[in-house]
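Engineer: Give me a model of this one.
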Amino acid sequence: MRSSRRSVVVALATWPLAVSAQPAATPGWPARPLRVLVGFPPGQASDIIARAYAEELGKSLGQPVIVENRPGAGATIAAEMGARAPADGYTLLYSSSGPLAIAPHMYAKLNYDSIRDFEPLYQGGIVPYILVVNSSSPYKTLQELVAQGRGANGAAINYGSGGNGTTSHLAMEMLKAEGGLKFTHVPYKGSVPALNDLAAGAVQVVLETVSATLPYVKNGKARILGISMTRRHPELPDVMPIAEVVPGYESAAWGMFITPTGTPAPIVNRLAAELERITQTPAMRERLTALGVITLERPRAQLKPFMQSELERWGKAVKASGATMS
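Structural biologist: Take a look at the predicted model:
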């Protein structure tokens, strides 16, 4: 009888652990609204994604989660604010490859360290780039474009980007370095002017995100030659990965929820679990797909090593481009 009674006590004591789907957080947290810093203006993809998560996260936590847009300086202003925020679980940052992996190589001085100052929570996904040419371009295939770009007259092929030091600029410089291409860079103030000039024939090539390029493809002003992945895009299965012509080439923008280093582990665990759960819902997957985001299942333990590898990889692209910011 004593053994049976002990079994009942043990079962009752462990029952909450068995049924709870959420990691325990610090008692009393959250006691007030949380904020998510975003380094881009309202309406851009990062802002849209952050707001979608914030809405659902607020429902789960029982407190409002407010998005604060702090654009400027390539999103480094928001990153600096996030690094300086109290590590109390009330400040998150939805950041990206630009301020976390590229800016450290572009700016002579940053008041944050991407690895030291942040604890990664969840990587929502990646946004690959599409290589497009004007619809009347003589280059019908990726192989033809690459062959011409490697030739004696390769520098005559101009490519447009959203500006010096942008991810689209550096992704193309990475492609040039790995593929032995001689394309000439023409920077614009944003991806839209670059794509407009592609449609007008002023530049021959643009490498930009799926969401930015597809409208030009759909209206017949641009033609897709490849995508910056090593595998086929689930929404664009007929588009050739650039890696099939330039082996090993892969480049994508990515977003990640992070929080200041030192945030209590139970809070970090709870936030990470909630963000992952939200991503698995059909509604969120549909919203991310519409923005050209490919969701990932990268374990949180792999996020810091991933950030370090991205710092190194983008550093090579910055060096190849010669781009700097004051």
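Engineer: got a list of what L145 touches?
Structural biologist: 131, 133, 139, 157, 205, 225 (Cβ atoms under 8 Å, 6 or more residues apart in numbering). Yep, even glycine has a C-beta here, placed from its N, CA and C like the rest.
Engineer: Is it possible to mark the buried ones in those residues?
Structural biologist: Restricting those to buried positions leaves 131, 133, 139, 157, 205, 225, with burial counted as 16 or more other Cβ atoms under 10 Å.
Engineer: nearest to G125, of the residues you listed?
Structural biologist: When the buried ones among the contacts of L145 are ranked by distance to G125 (Cβ to Cβ), L131 comes first, at 20.2 Å.
Engineer: tell me which element the closest one is part of?
Structural biologist: If you go by DSSP states H and E, L131 is part of strand 118-134.
Engineer: May I have the strands that pair with that strand, each with its orientation?
Structural biologist: Partners of strand 118-134 in the sheet, by DSSP bridges, are strand 205-209 (antiparallel), strand 222-227 (antiparallel), strand 252-260 (antiparallel), strand 294-295 (antiparallel).
Engineer: show me where pLDDT drops low in the stretch 1-150 of the chain?
Structural biologist: 1-25 (pLDDT under 70).
Engineer: where exactly do the helices run in it?
Structural biologist: Secondary structure of the stretch 1-150 of the chain (DSSP state H, counting those that start in this stretch): helices at 2-19, 45-61, 76-84, 97, 103-106, 142-150.
Engineer: follow-up on the earlier one: relative orientation of the strand holding L131 and helix 142-150 in degrees?
Structural biologist: Here strand 118-134 runs at 90 degrees with respect to helix 142-150, directions being taken by axes from the mean of the first three to the mean of the last three Cα atoms, to 10 degrees.
Engineer: chain center to strand 118-134, what's the gap?
Structural biologist: Averaging C-alpha positions (Cα atoms, centre = their mean, to the nearest Å) puts strand 118-134 4 Å from its chain's average.
Engineer: Distance-wise, check the residue most central in space within the chain relative to Y159.
Structural biologist: Most central in the chain under Cα atoms, centre = their mean is W254, positioned 1.4 Å from the mean C-alpha point. W254 is 22 Å from Y159, where distance means Cβ to Cβ, to the nearest Å.
Engineer: now G322
Structural biologist: G322 sits at a distance of 15 Å from Y159 (criterion: Cβ to Cβ).
Engineer: For the two, work out which one has more neighbours and name it.
Structural biologist: Ranked by neighbour count (other Cβ atoms under 10 Å), G322 and Y159 place Y159 first, with 26 against 9.
Engineer: got a pLDDT number for the closest residue to the more buried one other than its chain neighbours?
Structural biologist: Ranked by Cβ to Cβ, 6 or more residues apart in numbering and with sequence neighbours excluded, the top spatial neighbour of Y159 is V205, at 4.2 Å. Looking at V205, its pLDDT reads 97.
Engineer: cool, R313 as well?
Structural biologist: Here the pLDDT value assigned to R313 is 88.
Engineer: how many other residues sit next to it?
Structural biologist: Neighbour count for R313, taken as other Cβ under 10 Å: 16.
Engineer: Likewise for H185?
Structural biologist: Residues within reach of H185, counting by other Cβ under 10 Å, total 17.
Engineer: Next, the buried residues of the helix or strand harbouring it.
Structural biologist: H185 is part of strand 184-187, with elements assigned from DSSP H and E. For strand 184-187, burial by neighbour count (16+ other Cβ under 10 Å) applies to 185-187.
Engineer: Name every strand pairing with it and say which way it goes.
Structural biologist: Strand 184-187 sits in its sheet next to strand 158-161 (parallel), going by DSSP bridges.
Engineer: can you dump the C-alpha coordinates of the strand it pairs with into CSV?
Structural biologist: Written as CSV, here are the backbone C-alpha positions of strand 158-161 (Å, rounded to 0.1, in the frame of the first residue of the first chain):
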residue,chain,number,x,y,z
ASN,A,158,25.9,46.3,-65.5
TYR,A,159,24.0,45.1,-62.5
GLY,A,160,21.8,47.3,-60.3
SER,A,161,21.5,47.1,-56.5
